[in-house]
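Enquirer: Structure of the sequence below:
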Amino acid sequence: MTPNTPYNLTEHRHRFSVWAAARAAQRNWKGAKVERLRGAIEASGLVSYCNENTKADIDQFTFDALHTKWCCQIIRHLQENSIECTFGRAANLVAVYLKSMVVCHDPDSSLARICHPPIDGIMLRNLANEPRGKHKWKVLRWTNLGQSQYTELIADLRKALGRGEPFWMLEEFWTVSDDE
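Expert: Okay, here's the model as predicted:
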């Protein structure tokens, strides 16, 4: 928050969303402190997009291009600060931030309906056991995904959706832990 930024509901949601995204992505990530990840999220252009465009119509192609741009900016920012980052980790930061800022706030907006759900091992294993899942998802490690692997996974996950379902509906297969 800059000194002239008022503390309001948008700032409140932003702080929570940064924290949630950072905590979700931090698993076994050396040097990835919340403050550093916050800086990367804010430097990516994602925050300003959310502040200005969450009500605008957006299509899947446009979103995917923005998503790639945000992830690449996050990776670049972190590497400039001596933190290695895979595309999968950057995508997780973006997805959790959007889940908290957009999907949970306005699930029927066009952005909420098409933005990528947070990918993790629990969701992938659970979805792989479904008829619409793929066996290979059981062994994917989201923390190691490169850009092309991530893009391929997103295309496959979109095919696993029911017709007309928002992308966030795939989180039906996510549970808080493996022991549920």
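Enquirer: Count the residues that sit near residue 112.
Expert: The local packing of residue 112 (other Cβ atoms under 10 Å) involves 20 other residues. Using the backbone N, CA and C atoms, a C-beta is placed for each residue, glycine as well.
Enquirer: Looking at whichever strand or helix holds it now, give me its mean pLDDT.
Expert: Taking DSSP states H and E as the definition, residue 112 sits inside helix 110-114. Taken as a whole, helix 110-114 has a mean pLDDT of 94.
Enquirer: Same check on stretch 79-95?
Expert: 96.
Enquirer: now the residue most central in space within the chain: how far from residue 162?
Expert: Among the residues of the chain, the one closest to the centroid is residue 95, at 1.2 Å (Cα atoms, centre = their mean). Separation of residue 95 from residue 162 (Cβ to Cβ, to the nearest Å) stands at 20 Å.
Enquirer: which other helices and strands contact the lengthiest helix in the chain?
Expert: Counting residues, the longest helix found in the chain (DSSP state H) is helix 60-80. Judged by 3 or more Cβ pairs under 8 Å, 6 or more residues apart in numbering; DSSP states H and E, the packing partners of helix 60-80 are helix 34-43, helix 46-53, helix 87-98, helix 110-114, helix 147-160.
Enquirer: Against which helices or strands is the last one packed?
Expert: So that's helix 147-160. Looks like helix 147-160 contacts helix 60-80, helix 87-98 (3+ Cβ pairs under 8 Å, 6+ apart).
Enquirer: Now the longest helix of the chain - C-alpha only, PDB.
Expert: Extracted in PDB, the C-alpha atoms of helix 60-80 (Å, rounded to 0.1, in the frame of the first residue of the first chain):
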ATOM      1  CA  GLN A  60     -10.600 -17.000 -22.900                       C
ATOM      2  CA  PHE A  61      -7.900 -16.100 -25.600                       C
ATOM      3  CA  THR A  62      -7.500 -12.600 -24.100                       C
ATOM      4  CA  PHE A  63      -7.300 -13.900 -20.600                       C
ATOM      5  CA  ASP A  64      -4.700 -16.600 -21.500                       C
ATOM      6  CA  ALA A  65      -2.500 -13.900 -23.000                       C
ATOM      7  CA  LEU A  66      -2.800 -11.700 -19.900                       C
ATOM      8  CA  HIS A  67      -2.200 -14.700 -17.700                       C
ATOM      9  CA  THR A  68       1.000 -15.600 -19.500                       C
ATOM     10  CA  LYS A  69       2.200 -11.900 -19.300                       C
ATOM     11  CA  TRP A  70       1.400 -11.800 -15.600                       C
ATOM     12  CA  CYS A  71       3.300 -15.100 -14.900                       C
ATOM     13  CA  CYS A  72       6.300 -14.000 -16.900                       C
ATOM     14  CA  GLN A  73       6.400 -10.700 -15.100                       C
ATOM     15  CA  ILE A  74       6.200 -12.500 -11.700                       C
ATOM     16  CA  ILE A  75       9.000 -14.900 -12.800                       C
ATOM     17  CA  ARG A  76      11.200 -12.000 -14.000                       C
ATOM     18  CA  HIS A  77      10.600  -9.900 -10.800                       C
ATOM     19  CA  LEU A  78      11.500 -12.900  -8.600                       C
ATOM     20  CA  GLN A  79      14.600 -13.800 -10.600                       C
ATOM     21  CA  GLU A  80      15.800 -10.200 -10.400                       C
END
